[in-house]
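Peer 1: quick one, what's the 3D model for this:
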Amino acid sequence: MKKEHIFSLLTLCTILLIASTAWIIPSSLSIVHSKVTFTKGTGHYLYVATPGIRDYLGYGGHGLLVFDIDNNHKFVKRISTKGFHEDGSPSNVKGIAVSVQLNSLYISTLESLQRIDLGTEEVVWEIPFEGGCDRMSISPDGITMYLPSLEKDFWNVVDCKTGDIITKIKVHSRAHNTIYGPSGNRVYMADIGSPLLHVADTKTNTIVQKVGPFSAGIRPFTINSDESLVFVNVNELLGFEVGDLKTGEKLMSVKVLGWDKGPVRRHGNPSHGIGLTPDEKEIWVSDGHNMRMHIFSAEVPYQQLTSIALDDMPGWVTFSMDGQYAYPSSGEVIHSKTRKVLYVLKDENSNTVSSEKLIEIYMNDGKVTKAGDQFGIGRLNGTD
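Peer 2: Predicted coordinates:
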């Protein structure tokens, strides 16, 4: 048989083999330059920024890790990020937020703020801020950010598109956590050095109210969807306190019963992490020493309901927008109703991923259609 005939026969067999096995390739995959790559841009994901517990790389390394919520929270990919100390090592991630309108995710570190385009998954810009950065929050229209300095006496009001500073707001001494109210009219600002929650008017970018005083400096906190109540962790308390956002008064203090305070590895206070379930029926409170999540009724007198054991110290908690899942920073995915630990977040090397900076995002063809919040805020009145 001539060589050209043999070559033609082999070519025909190859074509027939490819055609007969094409069905094996899943429809969700595409072939590009002989490499199998996942098509991206549509799905329901959990985005986790690391290192999200101090600058410890043993909790997920460095980057923006993506998990498929509708596929048992399986690891999807790691997106490269910036945010480094002067010595070139990854810096502590301090906050995470999303602008749906700008299709962008923002990560703050000790030194800087970076904007990531969620369509291209590229860093658009990284800007260092004088005085550093902490846990920020973005307006419902996705245009304006309130960015606290790193425990200095001011917040920066920032243009989300450019990163430019619009103005500064001086508060007390140690700017820390921020929630932009769902109405878009108020921003709630917690200063560790003050027992008062400061409230800014977003039209004037000025402080118009102070809520409290609470029993000590305010740590993590959350609000309900109509912005009438605030639930705060404070220094030295294993539990939480409640404030009225309309009258500005502290209403009550609620202690965790049956568990003792003790040494904690991080944050320096017994409870660092509080979330209100989206239906506003329960309050979940972190217990660092006992490595547990305590659950309370969100109705007066705030009855203690149960407690969930965790694998590591919790320093934060938030929820999926539908309320199905609770995400403590220790890495577990908890079914909110059954209280069962369903999964533990694992990276591409099967290492546990723990972070206090994570957010839920719905994507469609490379565009954000809906995003959650790093804070476990109430959503009873339709907060997206």
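
Peer 1: residues contacting S336?
Peer 2: T277, E282, F319, G323, Q324, Y325, A326 (C-beta atoms under 8 Å, 6 or more residues apart in numbering). Where you see a C-beta, it was placed from the backbone N, CA and C, and this is true even at glycine.

Peer 1: could those residues be laid out in a markdown table, adding secondary structure, pLDDT and neighbour count?
Peer 2: Below are those laid out as a markdown table (DSSP: H, G, I helix; E, B strand; the rest coil; pLDDT from 0 to 100; neighbours: other C-beta atoms under 10 Å):
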| residue | secondary structure | pLDDT | neighbour count |
| --- | --- | --- | --- |
| T277 | coil | 98 | 21 |
| E282 | strand | 98 | 22 |
| F319 | strand | 98 | 27 |
| G323 | coil | 98 | 17 |
| Q324 | coil | 98 | 15 |
| Y325 | strand | 98 | 20 |
| A326 | strand | 98 | 26 |
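
Peer 1: dump the residues you listed to a markdown table, plus distance to G163.
Peer 2: Formatted as a markdown table, the contacts of S336 follow (distance: C-beta to C-beta, whole Å):
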| residue | distance to G163 |
| --- | --- |
| T277 | 34 |
| E282 | 37 |
| F319 | 29 |
| G323 | 33 |
| Q324 | 35 |
| Y325 | 32 |
| A326 | 33 |
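
Peer 1: which of the residues you listed lies closest to G258?
Peer 2: Closest to G258 out of the contacts of S336 is E282 (17.7 Å), distances taken as C-beta to C-beta.

Peer 1: I'd assumed I295 was in contact with that closest one.
Peer 2: Yes. With contacts counted by C-beta atoms under 8 Å, E282 reaches I295, the gap being 5.6 Å.

Peer 1: shared neighbours, those two?
Peer 2: L305.

Peer 1: if I look at V353, how far off is L64?
Peer 2: 11 Å (C-beta to C-beta, to the nearest Å).

Peer 1: these two: which is more packed in?
Peer 2: With neighbours defined as other C-beta atoms under 10 Å, V353 and L64 compare such that L64 has more, 24 against 20.

Peer 1: just the buried positions in stretch 87-103, please.
Peer 2: Across stretch 87-103, burial judged by 16 or more other C-beta atoms under 10 Å covers 90-100, 102-103.

Peer 1: now the end-to-end length of that stretch.
Peer 2: 31 Å (C-alpha to C-alpha, to the nearest Å).

Peer 1: coming back round to it: let's see which of the buried residues of stretch 87-103 end up in helices.
Peer 2: Assignment to helices by DSSP state H places none of the buried residues of stretch 87-103 there.

Peer 1: most widely separated two among those residues?
Peer 2: For the buried residues of stretch 87-103, the maximum inter-member distance is 27.2 Å, found between P90 and V100 (C-beta to C-beta).

Peer 1: quick one: end-to-end distance for stretch 229-241.
Peer 2: 11 Å.

Peer 1: count the residues that sit near A175.
Peer 2: A total of 32 residues lie near A175 under the criterion other C-beta under 10 Å.

Peer 1: should've said D55
Peer 2: 19.

Peer 1: residues in contact with Y327?
Peer 2: Counting by C-beta under 8 Å, 6+ apart, Y327 has contacts L46, V317, T318, F319, S320, V333, I334, L358.

Peer 1: anything in contact with each of V353 and L64?
Peer 2: Joint contacts of V353 and L64 (C-beta under 8 Å, 6+ apart) are V48, T50.

Peer 1: list of residues touching stretch 84-95?
Peer 2: In contact with stretch 84-95 (C-beta under 8 Å, 6+ apart) are residues 49-52, 54-55, 57, 62, 83, 106-112, 133-136, 150, 178, 355, 357, 374.

Peer 1: before we move on, the earlier item: switch the buried residues of stretch 87-103 over to a markdown table; also include pLDDT and distance to P195.
Peer 2: Putting these into a markdown table (pLDDT from 0 to 100; distance: C-beta to C-beta, whole Å) gives the following:
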| residue | pLDDT | distance to P195 |
| --- | --- | --- |
| P90 | 98 | 34 |
| S91 | 98 | 30 |
| N92 | 98 | 26 |
| V93 | 98 | 27 |
| K94 | 98 | 22 |
| G95 | 98 | 23 |
| I96 | 98 | 27 |
| A97 | 98 | 26 |
| V98 | 98 | 31 |
| S99 | 98 | 32 |
| V100 | 98 | 34 |
| L102 | 98 | 36 |
| N103 | 98 | 39 |
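
Peer 1: on that earlier part again, closest one of the contacts of S336 to S173?
Peer 2: Out of these, the member with the shortest distance to S173 (by C-beta to C-beta) is F319, at 31.2 Å.

Peer 1: and for I107, the neighbour number?
Peer 2: 29.

Peer 1: who's it bridged to?
Peer 2: I96, Q114 (DSSP bridges).

Peer 1: wait, it touches G83, no?
Peer 2: Yes. I107 lies in contact with G83 (C-beta under 8 Å); the separation is 6.3 Å.

Peer 1: joint contacts of these two?
Peer 2: Joint contacts of I107 and G83 (C-beta under 8 Å, 6+ apart) are V93, Q114.

Peer 1: so K246 versus Q209, what's the distance?
Peer 2: K246 is 9 Å from Q209, by C-beta to C-beta.

Peer 1: actually F75, sorry about that
Peer 2: Taken as C-beta to C-beta, the span from F75 to Q209 is 43 Å.

Peer 1: same check on N224?
Peer 2: Distance of N224 to Q209, given as C-beta to C-beta: 16 Å.

Peer 1: the more surrounded of those two?
Peer 2: Set N224 next to Q209 and count neighbours by other C-beta under 10 Å: N224 wins out with 20 against 16.

Peer 1: looks like the more buried one contacts G376 (just checking).
Peer 2: No. Between N224 and G376 there is no contact, the gap being 11.2 Å when judged by C-beta under 8 Å.

Peer 1: okay, and the common contacts of those two?
Peer 2: Here N224 and G376 share the contacting residues L276, scored by C-beta under 8 Å, 6+ apart.

Peer 1: now do the helices in the stretch 1-150 of the chain.
Peer 2: 3-21 (DSSP state H, counting those that start in this stretch).
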